[in-house]
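K.L.:
pasting the sequence and the predicted coordinates here, then a few questions.
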Amino acid sequence: MRGFGFTEHGGPERLGWVELPEPVPGPGEVRIRLRAAAFNRLDRFVLEGIPGVPIERPHVLGSDGAGIVDKLGEGVDDLEAGNRVLLNPGLWDGSCPACKRQEEALCRNYRIVGEHTQGTMTDLVVVPRRNVHAIPDSLGFAEAAAAPLVFQTAWRALLTVGELAAGERVAVVGAGGGVSTAAIQVARLRGAEVTVVSRSATKLDRARALGANRTLELSPGSELDKVLWAESGKQGFDLIFDSVGRESVPRTVRALARGGRLVIIGATSGPLAEIDLRTLFWRQASIRGSTMAGRAEFEGMLTELGTGRLIPVVDSRHPLERAREAFERFSSPELFGKVVVELPG
Ligand SMILES: NC(=O)c1ccc[n+]([C@@H]2O[C@H](COP(=O)([O-])OP(=O)(O)OC[C@H]3O[C@@H](n4cnc5c(N)ncnc54)[C@H](OP(=O)(O)O)[C@@H]3O)[C@@H](O)[C@H]2O)c1
Ligand SMILES: [Zn+2]
């Protein structure tokens, strides 16, 4: 079976087609024939290599995927070949203390499809039955593949970890990333007042169409903390959703309200940041980290995808044959939402 990925870690020049054996579903597992898969920033980190994370090579990229049930492992009797399904890329062991408390996102053996396992940019993928969900009728395969990773991340980060309440003021840093497009919608769904900051006016127009109440364009030289502080009427934000990292965090900390929460889910611009601790204790603010989501959070998000109150944002679609071009688009500064690759039925 051919997949899009790499044999040696490095930059995009390492990407190409690799051969893997067809995966066979074991007991309690399901094999999905993929019809669509989507890129995440994680794919770039996996390609470059992540310190301390052994990655099997050759490696197929892709955490998100949707398709049809192809083959059932022993003991799986509540699905049928041909069912339209999407996969939850978060893998938990089901047996550690966190899993027993239904806190799967805190599983001590938490793994992600496409990072710790082979990914979805290929024909077939095998996951546990509990990671397989029916695709809401209103969604095609491309939309279904665009949703799982970013929406579950935004859901847990804002609602569980960030404890977002209706009426609170939220700032989302960045408009065009897949996670930002999800976070804007999840925060609005909760009834929060959402401000989005971006380097691009075009992306901010699109953020407003997704429900953002207010938008702020960051021009070169403008200072994020001052822009946010002024926007909040010098009160600060109750929650700031930040995935940018080094470039933003020293400033987003300063734009927190009393009791505010800075929720960090990524560090696109770099992992090390210096912050003024006095801001935290004086404002009694906190910095919280969040990753992926547990089973109940995933199902909550999926229900809202079914009602149409959350809508996957697809930047562009590309045939898997052209995965390289899709990956280039994924690196484009114009990116807004998810880059999806499609496989013929
Ligand atoms: N913890 C988790 O479970 C989890 C899950 C998903 C993603 N993540 C992480 O979250 C981050 C966001 O992921 P993503 O897939 O949405 O895509 P991404 O391509 O990393 O996100 C780009 C976003 O960051 C903004 N941005 C601001 N300054 C930037 C800079 N200097 N360089 C690049 N982008 C900048 C962009 O905003 P504008 O272009 O609008 O200005 C855009 O909204 C990544 O670091 C990813 O690894 C973590
Ligand atoms: Zn566990």
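P.N.:
That came through fine. These figures come from a predicted structure and were not determined experimentally. Ligands and ions are numbered 1, 2, ... in the order given.

K.L.:
distance from the chain centre to stretch 101-119, please.
P.N.:
Distance of stretch 101-119 from its chain centroid, counting by CA atoms, centre = their mean, to the nearest Å, is 14 Å.

K.L.:
quick check: residues of the stretch 51-200 of the chain near ligand 1?
P.N.:
Contact residues of the stretch 51-200 of the chain with respect to ligand 1, defined by CB under 6 Å from any ligand atom, are listed as 149-150, 153, 174-180, 198-200. Quick note: C-beta positions are derived from backbone N, CA and C, even for glycine.

K.L.:
keep only those of the residues you listed that are in strands.
P.N.:
Secondary structure from DSSP state E places residue 198 of those in strands.

K.L.:
what about burial for the residues of the stretch 51-200 of the chain next to ligand 1, which qualify?
P.N.:
Using 16 or more other CB atoms under 10 Å as the burial test, these include 149-150, 153, 174-180, 198, 200 as buried.

K.L.:
can you lay out those as TSV showing pLDDT?
P.N.:
What follows is these, written out as TSV (pLDDT from 0 to 100):
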residue	pLDDT
149	98
150	98
153	98
174	96
175	97
176	95
177	95
178	97
179	98
180	98
198	97
200	95
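
K.L.:
among those residues, which ones are in helices?
P.N.:
149-150, 153, 178-180 (DSSP state H).

K.L.:
what's the nearest residue to residue 98 if we skip its chain neighbours?
P.N.:
On the basis of CB to CB, 6 or more residues apart in numbering, the spatially nearest residue to residue 98 that is not a chain neighbour turns out to be residue 106, at 3.9 Å.

K.L.:
tell me how many other residues surround the one you found.
P.N.:
Number of residues near residue 106 (other CB atoms under 10 Å) recorded here: 14.

K.L.:
what residues does the residue lying closest to residue 130 once chain neighbours are set aside make contact with?
P.N.:
Nearest in space to residue 130, with sequence neighbours left out and distances taken as CB to CB, 6+ apart, is residue 295 at 7.0 Å. Shown in contact with residue 295 (CB atoms under 8 Å, 6 or more residues apart in numbering): 88, 92, 102, 104, 130.

K.L.:
gap between residue 295 and residue 302?
P.N.:
Distance check for residue 295 against residue 302: by CB to CB, to the nearest Å, it reads 10 Å.

K.L.:
secondary structure class of residue 158, three-state.
P.N.:
Residue 158 falls in the helix class when you classify it by DSSP: H, G, I helix; E, B strand; the rest coil.

K.L.:
for ligand 2, see how far away it is.
P.N.:
The spacing between residue 158 and ligand 2, counted by CB to the ion, to the nearest Å, is 23 Å.

K.L.:
and that residue, what's its pLDDT?
P.N.:
In this model, residue 158 is scored at 99, pLDDT.

K.L.:
wait, it touches residue 164, no?
P.N.:
Yes: if you go by CB atoms under 8 Å, residue 158 and residue 164 touch, sitting 4.7 Å apart.

K.L.:
quick check: residues of the stretch 201-345 of the chain near ligand 1?
P.N.:
Within the stretch 201-345 of the chain, the positions lying close to ligand 1 (CB under 6 Å from any ligand atom) are 203, 243-244, 247, 265-269, 291-292.

K.L.:
residue 263 is in contact with residue 288, correct?
P.N.:
Yes: because the distance of 5.2 Å satisfies CB under 8 Å, residue 288 is recorded as touching residue 263.
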